[in-house]
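J.: what's the 3D shape of this:
(4 chains, ligands or ions: 2)
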Amino acid sequence: MTRNASSAQLSLEDYRRYGRQMILNGFGLPGQLKLQQASVVVVGAGGLGCPALQSLAAAGVGRIGIVDHDTIELSNLQRQILHTESRVGTPKALSAAAAIKQINSRVHVETHATALTSANAIAVLSGYDIILDCTDNLPTRYLLSDTAVRLNRPLISGAAQQFDGQLCTYNLPLSSYASCSSSTGSDEEKDGVRGPCFRCLFPKPPAPEMAGSCEELGVLGAVTGVIGNLQALEAIKLFTGLHDSKPSLLIYSALNTPPFRSIKLRARRATCPACGDDGAKVGQIEETDYVAFCGGARPDWVSRGL
Amino acid sequence: MTRNASSAQLSLEDYRRYGRQMILNGFGLPGQLKLQQASVVVVGAGGLGCPALQSLAAAGVGRIGIVDHDTIELSNLQRQILHTESRVGTPKALSAAAAIKQINSRVHVETHATALTSANAIAVLSGYDIILDCTDNLPTRYLLSDTAVRLNRPLISGAAQQFDGQLCTYNLPLSSYASCSSSTGSDEEKDGVRGPCFRCLFPKPPAPEMAGSCEELGVLGAVTGVIGNLQALEAIKLFTGLHDSKPSLLIYSALNTPPFRSIKLRARRATCPACGDDGAKVGQIEETDYVAFCGGARPDWVSRGL
Amino acid sequence: MPSVKVEFSGGLELLFSNQRKHDISLPERVPADGHESGRPVDIAYLILWLRDNLLQERAELFVENDSVRPGILVLVNDTDWELEGEGECVLKERDEIVFISTLHGG
Amino acid sequence: MPSVKVEFSGGLELLFSNQRKHDISLPERVPADGHESGRPVDIAYLILWLRDNLLQERAELFVENDSVRPGILVLVNDTDWELEGEGECVLKERDEIVFISTLHGG
Ligand SMILES: [Zn+2]
Ligand SMILES: [Zn+2]
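T.: Ligands and ions are numbered 1, 2, ... in the order given. Sure thing, here's the model as predicted:
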C-alpha cells in the first residue's frame, strides 16, 4: 500500500498464476498490483489463521506476517489445516510459513513466534496494512482492537466456537480503503471515517463463565474453515477497493436455518474508551490488564461439570 | 455407514486427535465413529475440492475418494490450495491425496485419476456413501445428479464463479440420514423420502452463452474456499445425523449485502425425468449425451470479446 | 402499485444491464390490454413486465412460453416459487423476487 | 399482543434452556403495575420480560441496571439496536430480536 501501484510491474509468470482473478470485474491488473504491494498480519496460526493464510497467500498478497507463540499438538490437526503430522511439536508460525511457501514462494512471509502482549503489540503489528484477528481468547481480542485503533488499521476479526462463527471488520474505513489509505491521506483525515471498534460493540467482555476456549468448548474444523476464508476475503476486498465500507457483523451457525445472518452495525461510539472522541471518552485503557479485564484466568469447566 | 457403529473402536490417539469435535453437543464418540466408518467421494480436486478434501480429511472421514483427470497448472494455484508449486504438472488427484495424507495419515484415500463419464460413473461412485460435486462444468453436474439418483446417494453440490457461490444438497434424505441409511432400510423405503435432484430444479441448463467456466469467467480463491468448506460441513452433518433434512439452496455473493441468502426448496418433481415417479416421468435421460444436452462445446469467449 | 425488489443472480444479471438489484413499481392489477387483464398482479405478470421493461437483450434467455426459461429458478421471499403457486403467486408490497440461474464453476 | 421472534446466540442460549429460538407473545402495552406502565411495549420491556419469564439462571449475566449487560449486542430485524433507538424501540408484530454475545474461539 505504500508504493505507487501504477509504477509497479507484474511478472509474466504472475499473469499466468493470477489470471483467474485478474479477469474478474473490478479486479484486473490494478487489483493484483494492490495485493502484491499489500501487507497483512495474521495473529493466530490456528483454526482460523490456517485457512485465512492459505487464501491470502494463494491470492498473492505481497507480504504476510504470522504471529503465534504456540507449538503444534495432535489435537490441532482436526482444524488447523496448514499443520501436518510430521510437524507436531514445532512452532505453528514456522509450520504455517512453510506451508504457504509451498503454495506461493513469491509471497514474502515474516514469522513472529512470540506471544502478543501490550508491551510488543504496537511494534509487531505496526508494519502491516491490515490485521487479522484469528486468536482464541478474549484478552488478546481486546488488545488487538485497542492496538488496531491506535495504529489506525482495519481489524478483520473472526471467531469460531462449536458450530458457530462470527465475522466483523472493526475500525473499518468508511470511505474506500484503497484510496483513503494512499500516502496522500494523513492519519488525522482517516481518523474521522472509521466504523466501530470491538470495544464499541462489546464494552464489557462476557462473564468468564460463558467464555470457554475452543479447547474447552470444541469447534468443528469446517466452521473455522468457512470463517477463515471469509476473513481473507474481507482483506482482499479492502485491498482491492471492492469493499462496500458498511460496518456489519456476520453470524454463522452451521446447524441453524438459515445458517447466516448479516447485521448492520452502529457507528463508532463517541464515548468509547478506545476509539471515542477526545474529551468524550469514558474510561481509559492505557493501563489495562487485559487478562484481569476479561475476568482473570478462565474457570475450570471440567471440574464445574459443564 | 455399512458397519455397526456400536461395535467399532476409536484408538487412544484418535481420542486426542478428534477431542475438539468429540466434545461438541450431539457429536461425541458416536459421531466420530460414524465419520470413521463413512466414505465420501469428491469429484474434482480443484478450487472447491481442495478445501472440501482438507476439511473432510482433518475431521476423520474414514475413506475418501478423489476423482480428477487433470494435471496441475500454475494458474490453478491461486485457488486450488492443496496443490503446490513443486507438483505443477502432476495429476491433481495424486497431489490432493498426498496433501491430505500429510494432515491425516489414518484416512484411507483412493484416487481415480480419470475423467468421469456416463460409462464409468456408476462404477466409480457406487462405492461411496456421499458424493461431493466439486466439478467445473455443467455436463458433469447433470451426469453426477443422474448417477446420484440412480445410486440413491446424497449429492452435495458446490459451485463458484467470479465473486459468487452456490451450495445445495440434492437427493437429500428427508428423514435423518444417519438412521435411514443403516442396513435395515431397503432402497425402496429410502426412495420415497428424498429432496429434489439437480434436474428437478434446473430441468434445462442455462444457455451456453451464459455458462462460461472458471477458466473463462474467473473466480476468487476465497470464494471456492468458503463453498468447499460448506460442502464438507454438509457431509459431516449428514454422516453424524446433525442435518436438519430440509432441502435448501444457499447463494453467496461476496460483494453483496447481505452476502448469504438461504432458499427453502420444493419437493422433488414427480415428473422429473431423473428422480420422478415411475409412470409420471416426462422425458428420459438414459441415452443423454451430456455435452450436447448442455449446448455442445462452450463458445470461445475471448473471440466473442467478452 | 406494489413496489417489489427484484434481484438477478447466477449470471442472469448480465441480461439486465449487469445490475443485480432493482426496485420496481407495478400496477395494482394487470392492465386492461393484457392477457387475462384485471387480475391482481402476480409473478406471471412480473416476468412479462421484466421482459418488456427491464430486459436489455436476448429475451429468449429469460422467457420461454410466457414463463421463465426452465433453467431459471424463481424465489419469492427466499422460498422456491413452486411452494408459492408459481406464476399465480400474487405480489404484495415489499416482496423480494429473486431469479437465479445455476452456477457451474469450481 | 405483538408476537415477536427472539433468538439467542454466542452462548447466551445457555441461559435460556439452551434453546436458541423462541416465539413470544407480549402484551400490547406495558402492564399497569410495571415501571412507566401504559407505554407501548418496547425492547426495554422485552428485556425485563425475558428476565422474568424465560431466563433459567443467573440473571446477572443477562441484565444489568434494567438493560442488557454491556457485553451483549441487541439486534432488531438484523440491525444494531443502537440505530433503532435502543430500549425505546417499540416492538411490532413479527419483529425479530436477536441477543448475541461475542464469540472468541479460533
Ligand atoms: Zn470503539
Ligand atoms: Zn429430479
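
J.: who touches the residue nearest to residue A:244 when sequence neighbours are not counted in this structure?
T.: Closest residue to residue A:244 in three dimensions, ignoring its sequence neighbours and counting by C-beta to C-beta, 6 or more residues apart in numbering or on different chains: residue B:257, at 5.9 Å. For every residue, glycine as well, the C-beta is placed using N, CA and C. Going by C-beta atoms under 8 Å, 6 or more residues apart in numbering or on different chains, residue B:257 touches A:244, A:246, A:248, A:262.

J.: Kindly reformat these as a markdown table and extend each row with neighbour count, pLDDT and secondary structure.
T.: Shown next, in a markdown table, are these (neighbours: other C-beta atoms under 10 Å in any protein chain shown; pLDDT from 0 to 100; DSSP: H, G, I helix; E, B strand; the rest coil):
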| residue | neighbour count | pLDDT | secondary structure |
| --- | --- | --- | --- |
| A:244 | 11 | 93 | coil |
| A:246 | 13 | 94 | coil |
| A:248 | 20 | 96 | strand |
| A:262 | 18 | 95 | strand |
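
J.: Please dump those into CSV; it should also carry distance to residue A:121 for every row.
T.: Listed next are the contacts of residue B:257 as CSV, based on distance: C-beta to C-beta, whole Å:
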residue, distance to residue A:121
A:244, 29
A:246, 28
A:248, 26
A:262, 30
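
J.: And the residue nearest the centre of chain C?
T.: residue C:47 (4.0 Å; C-alpha atoms, centre = their mean).

J.: Look up how far residue B:155 lies from that one.
T.: According to C-beta to C-beta, to the nearest Å, residue C:47 and residue B:155 sit 29 Å apart.

J.: With residue A:194 instead?
T.: Distance, residue A:194 to residue B:155, by C-beta to C-beta: 45 Å.

J.: can you tell me if stretch A:262-274 touches ligand 1.
T.: Yes. Applying C-beta under 5 Å from the ion, one finds stretch A:262-274 in contact with ligand 1 at A:272, A:274.

J.: Keeping just the C-alphas, turn that stretch into CSV.
T.: Only the C-alpha atoms of stretch A:262-274 are listed here, as CSV (Å, rounded to 0.1, in the frame of the first residue of the first chain):
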residue,chain,number,x,y,z
SER,A,262,-25.8,-10.2,8.5
ILE,A,263,-26.3,-7.4,10.9
LYS,A,264,-26.0,-3.7,10.1
LEU,A,265,-23.8,-2.1,12.7
ARG,A,266,-23.8,1.2,14.5
ALA,A,267,-21.3,4.0,14.0
ARG,A,268,-18.4,4.1,16.4
ARG,A,269,-19.2,5.2,19.9
ALA,A,270,-18.1,8.8,20.7
THR,A,271,-17.7,7.7,24.3
CYS,A,272,-15.7,4.6,23.6
PRO,A,273,-12.6,4.5,25.8
ALA,A,274,-10.6,3.2,22.8
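
J.: Buried ones in it, by neighbour count?
T.: By neighbour count on 16 or more other C-beta atoms under 10 Å in any protein chain shown, the buried set for stretch A:262-274 is A:262-266, A:268-269, A:272-274.

J.: Run the contact check for that stretch versus chain B.
T.: Yes. Stretch A:262-274 is in contact with chain B by C-beta under 8 Å from any C-beta of the partner chain, via residue A:262.

J.: Residue in chain C with the shortest distance to ligand 1?
T.: Per C-beta to the ion, the residue of chain C with the smallest distance to ligand 1 is residue C:21, at 31.4 Å.

J.: List phi and psi for that residue.
T.: When read as degrees, to the nearest 10, the backbone of residue C:21 gives phi -110, psi 140.

J.: about what we covered before: of the buried residues of stretch A:262-274, which belong to strands?
T.: Judged by DSSP state E, strands contain the following of these: A:262-264.

J.: low-scoring stretches of chain C, by residue?
T.: Scanning chain C with the threshold set as pLDDT under 70 gives C:32-37.

J.: hmm, I was thinking of the stretch 1-150 of chain A
T.: For the stretch 1-150 of chain A (pLDDT under 70), the answer is A:1-8.

J.: All the helices of it, residue numbers only.
T.: Under the criterion DSSP state H, counting those that start in this stretch, the stretch 1-150 of chain A contains helices at A:12-22, A:28-37, A:49-59, A:92-103, A:121-125, A:138-151.

J.: and residue B:75, which of those is closest to it?
T.: Nearest of these to residue B:75, taken as C-beta to C-beta: helix A:12-22 at 5.3 Å.

J.: Tell me if the closest one is near chain B.
T.: Yes. Helix A:12-22 lies within reach of chain B by C-beta under 8 Å from any C-beta, at A:13, A:16-22.

J.: contacting residues around the residue sitting furthest away from the middle of chain C?
T.: Relative to the centre of chain C, the most outlying C-alpha is that of residue C:106, 27.6 Å out, by C-alpha atoms, centre = their mean. Contacts here follow C-beta under 8 Å, 6+ apart; on that basis residue C:106 touches B:44, B:46-49, B:134-136, B:158-160, B:214, B:224.

J.: likewise residue A:81?
T.: With C-beta under 8 Å, 6+ apart, residue A:81 has these contacts: A:50-51, A:54, A:221, A:225, B:54-55, B:58, B:103.

J.: same question, residue C:50
T.: By C-beta under 8 Å, 6+ apart, residue C:50 lies in contact with C:6, C:16, C:24, C:62.

J.: Now name the helix or strand holding it.
T.: Element membership of residue C:50, judged by DSSP states H and E, is helix C:43-53.

J.: before we move on, the earlier item: count of neighbours near the residue of chain C closest to ligand 1?
T.: 15 (other C-beta atoms under 10 Å in any protein chain shown).

J.: Surely it touches residue C:7?
T.: Yes. At 5.2 Å, residue C:21 counts as touching residue C:7 under the criterion of C-beta atoms under 8 Å.

J.: can you tell me if the longest helix anywhere in chain A touches chain C.
T.: The longest helix of chain A (DSSP state H) is helix A:221-240. No. With C-beta under 8 Å from any C-beta as the criterion, chain C is not reached by helix A:221-240; the gap is at least 15.1 Å.

J.: I'd like to check the angle between that helix and helix B:12-22, please.
T.: Put simply, helix A:221-240 runs at 60 degrees to helix B:12-22, going by axes from the mean of the first three to the mean of the last three C-alpha atoms, to 10 degrees.
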